[in-house]
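Participant: Build the 3D model from these lines:
(one chain, ligands or ions: 1)
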Amino acid sequence: MSEKMDWFVNARFGLFVHYGLYSLIGRGEWAMNRERISSGEYRKLAEKFTAEKFDADAVCSLAAENGMKYITFTTMHHDGFRLYDTELSDFNSMKSPAKRDLVAEIVAAARKKGLKVALYHSLNNWTDKPDGADAIDNPADYEKFIRSTHTRIKELVTRFNPIDVLWYDGWWPFHADGWQATAMNDMVKEIQPHIIFNGRNGLPGDFSTPEGHMSAPSPWRPWEACMTLNNHWGYHHGDHEWKSPAEVIGLLAKAASGKGNLLINIGPRGDGSIPEESVNILNQTGKWLKKYGECVNDTDIFAFDLQERGEHRGDWSHNGIFTAKGNFLYHLIRYWPGAELILSGLQCKVLKAVLLGEKNQDLPFTQKDDKLTITELPERAPGLCPVIRLECDSKPALYLTGGMRVPEKAHPNYDPCSSDIAL
Ligand code: H79
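Facilitator: Next up is the predicted model:
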């Protein structure tokens, strides 16, 4: 793995921000497409784009103060509205009543806070002509379309230099060949050799981007799962299905156990204000992270025989999640078991069990065969998602089969259910 990936692999937690004209509609970032709003009508939204409550410092503080290491900002989503100053189109935030370059503001604020910066940019869009559909239908349009797309990206990485990640999206209707993606990345690298690419212009890029799920790529390579806090990226005024702080912590732990990053999203309202629910959830997650950061930062991949078993995991617990670092196994207890915690299947010797907190507390335990029993725990969970650190005599491994014992006779590998494995 190249050195430029070092910061990314250890970043673990980042803030995705979806903001644009769609935020004024309040029905998610796909409203223009899903409601077939004409380009002419959609453009009128720009006349109402004041962004009066958009505060780049506040956005970056929300990230930095809650343990995030980077911010990924929508420079232009599929609607085609640019949030930066550009000579290539009038459809941008400088030409709206806001008269502001919000990308420049975010980059400056992020740098002040020590955050790395990723620029999200949609390749195709629903406003510029010719568009991807024209490009498919007509070879002359294809040439124009590709040239304008490459020129747009060139201007973006020239204006914002240096940035850390280029996050392509909106790749339809082409794959790598159609986008001339190798030439695209080479052009960007010439301007910013250090830049990290995601894999959404048809090339694999430098990291994988599972969207809406937490699957670590197998075999492992750097990855980042992007997830929403409710069920939309762009602001949707009717979506109140917020994840709980415990769920977000669970996602973060899942990222840590797969040595990946969690990029969690906020969708500011049309005026730029951040929904209070998002702020609360992230503040609570951040508070937890200050206390328990060691169990998610710089972790190793934790999986028993991941390759051989083709992703089938025998290393889960009914009480919570595991992460690992060196000889330490961290058990994040999302579902508190009571005064006693039993963990079976450990394939190493436990030397010490510690309940982490402002003051770490050694816990009494016994380990017989592969059954570990920790006692004298509080009856009730001491706060949100407490963490027990098991200090082992070797790199921790855990495996329990589906049955109550492994048969002594040779048997087929009965664990995975083939119809339940996504290929
Ligand atoms: O910005 C967020 C989403 O709007 C964006 N990615 C995240 C980070 C996203 N854009 N597209 N997609 C996610 C998935 C697109 C799926 C598609 Fe289709 C398949 C586009 C075209 C074919 C299904 C059918 C959706 C539209 C038509």
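Participant: Scan the protein for its longest helix.
Facilitator: Longest helix in the chain, counting residues (DSSP state H): helix 139-159.
Participant: Residues in contact with that one: which ones?
Facilitator: Helix 139-159 is contacted from outside by 75, 84-88, 104, 119, 121, 123-124, 128, 130-132, 134-136, 163, 166, 179-180, 183-184, 187-188, 191-192, 195, using C-beta atoms under 8 Å, 6 or more residues apart in numbering. C-betas here are computed from N, CA, C, even on glycine.
Participant: and what of stretch 364-381?
Facilitator: So stretch 364-381 is contacted by 333, 336-347, 349-350, 353, 355, 363, 388, 390 (C-beta under 8 Å, 6+ apart).
Participant: still on that earlier bit, quick check on the contacts of helix 139-159: which are buried?
Facilitator: Buried subset of the contacts of helix 139-159 (neighbour count, 16 or more other C-beta atoms under 10 Å): 75, 84-86, 104, 119, 121, 123-124, 128, 130-132, 135, 163, 166, 179-180, 184, 188, 192, 195.
Participant: In strands, which of those residues appear?
Facilitator: Among these, the members found in strands (DSSP state E) are 75, 119, 121, 166.
Participant: so which of these comes closest to the ligand?
Facilitator: The closest of those to the ligand turns out to be His121 (C-beta to the nearest ligand atom; 10.7 Å).
Participant: Nearest residue to the closest one in space, please, no chain neighbours.
Facilitator: Thr75 (5.0 Å; C-beta to C-beta, 6 or more residues apart in numbering).
Participant: got it, and Ala51?
Facilitator: Ala51's closest residue in space is Ala98 (C-beta to C-beta, 6+ apart), at 4.1 Å.
Participant: Likewise for Glu52?
Facilitator: Nearest non-adjacent residue to Glu52 (C-beta to C-beta, 6+ apart): Asp271, at 5.5 Å.
Participant: how close does the one you found sit to Ser96?
Facilitator: 13 Å (C-beta to C-beta, to the nearest Å).
Participant: Now for these two: what residues contact both?
Facilitator: By C-beta under 8 Å, 6+ apart, the residues touching both Asp271 and Ser96 are 50-51.
Participant: who has more neighbours, those two?
Facilitator: Ser96 (20 against 14; other C-beta atoms under 10 Å).
Participant: was I right about that one contacting Glu47?
Facilitator: Yes: with contacts counted by C-beta atoms under 8 Å, Ser96 reaches Glu47, the gap being 7.0 Å.
Participant: Secondary structure element for Tyr168, which one?
Facilitator: In this structure, Tyr168 sits in strand 165-169 according to DSSP states H and E.
Participant: Give the partner strands of that strand in its sheet and their orientations.
Facilitator: strand 116-122 (parallel), strand 196-197 (parallel) (DSSP bridges).
Participant: Just the CA atoms of it, as PDB, please.
Facilitator: Presented in PDB, the C-alpha positions along strand 165-169 are these (Å, rounded to 0.1, in the frame of the first residue of the first chain):
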ATOM      1  CA  VAL A 165      -9.300  12.900  -1.700                       C
ATOM      2  CA  LEU A 166     -11.300  13.200  -4.900                       C
ATOM      3  CA  TRP A 167     -14.600  11.400  -4.400                       C
ATOM      4  CA  TYR A 168     -16.300  10.800  -7.700                       C
ATOM      5  CA  ASP A 169     -19.900   9.900  -7.900                       C
END
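Participant: and that strand, anywhere near the ligand?
Facilitator: Yes: judged by C-beta under 6 Å from any ligand atom, strand 165-169 and the ligand are in contact via Asp169.
Participant: begin at 42 from here
Facilitator: Yep, numbering from 42; the last one is strand 206-210 now.
Participant: from the chain's centre, how far out does that strand sit?
Facilitator: 13 Å (C-alpha atoms, centre = their mean, to the nearest Å).
Participant: How about stretch 87-102?
Facilitator: On C-alpha atoms, centre = their mean, the centre of stretch 87-102 falls 22 Å from the chain's centre.
Participant: average pLDDT across it?
Facilitator: Stretch 87-102 shows a mean pLDDT of 98.
Participant: ok, now stretch 164-178?
Facilitator: For stretch 164-178, the per-residue pLDDT averages 97.
Participant: Over to stretch 318-330?
Facilitator: 98.
Participant: for that stretch, which positions count as buried?
Facilitator: So for stretch 318-330, counting by 16+ other C-beta under 10 Å, buried means 319, 322-323, 325-330.
Participant: Among these, which one sits closest to the ligand?
Facilitator: Closest to the ligand, out of all of the buried residues of stretch 318-330 and judged by C-beta to the nearest ligand atom, is Ser319, at 15.9 Å.
Participant: Remind me which helix or strand that closest one belongs to.
Facilitator: Here Ser319 is assigned to helix 317-333, by DSSP H and E.
Participant: That helix packs against which elements?
Facilitator: helix 286-298, strand 302-307 (3 or more C-beta pairs under 8 Å, 6 or more residues apart in numbering; DSSP states H and E).
Participant: what does the next helix-or-strand element following it contact?
Facilitator: Next helix or strand after helix 317-333 toward the C-terminus (DSSP H and E): strand 361-366. For strand 361-366, the external contacting residues (C-beta under 8 Å, 6+ apart) are 291, 294-295, 297-298, 335-337, 339-343, 356-357, 370-376, 426, 436-437, 439.
Participant: what angle sits between strand 361-366 and helix 317-333?
Facilitator: 50 degrees (axes from the mean of the first three to the mean of the last three C-alpha atoms, to 10 degrees).
Participant: Dump strand 361-366 to CSV, restricted to CA.
Facilitator: What follows is strand 361-366, C-alpha atoms only, in CSV (Å, rounded to 0.1, in the frame of the first residue of the first chain):
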residue,chain,number,x,y,z
GLY,A,361,-21.9,-6.6,21.3
ILE,A,362,-19.1,-6.1,18.9
PHE,A,363,-15.3,-6.9,18.9
THR,A,364,-12.4,-4.9,17.8
ALA,A,365,-8.7,-5.9,18.1
LYS,A,366,-5.3,-4.3,18.4
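Participant: Taking their axis directions, it and helix 286-298 sit at what angle?
Facilitator: Going by the same axes, to 10 degrees, strand 361-366 makes 40 degrees with helix 286-298.
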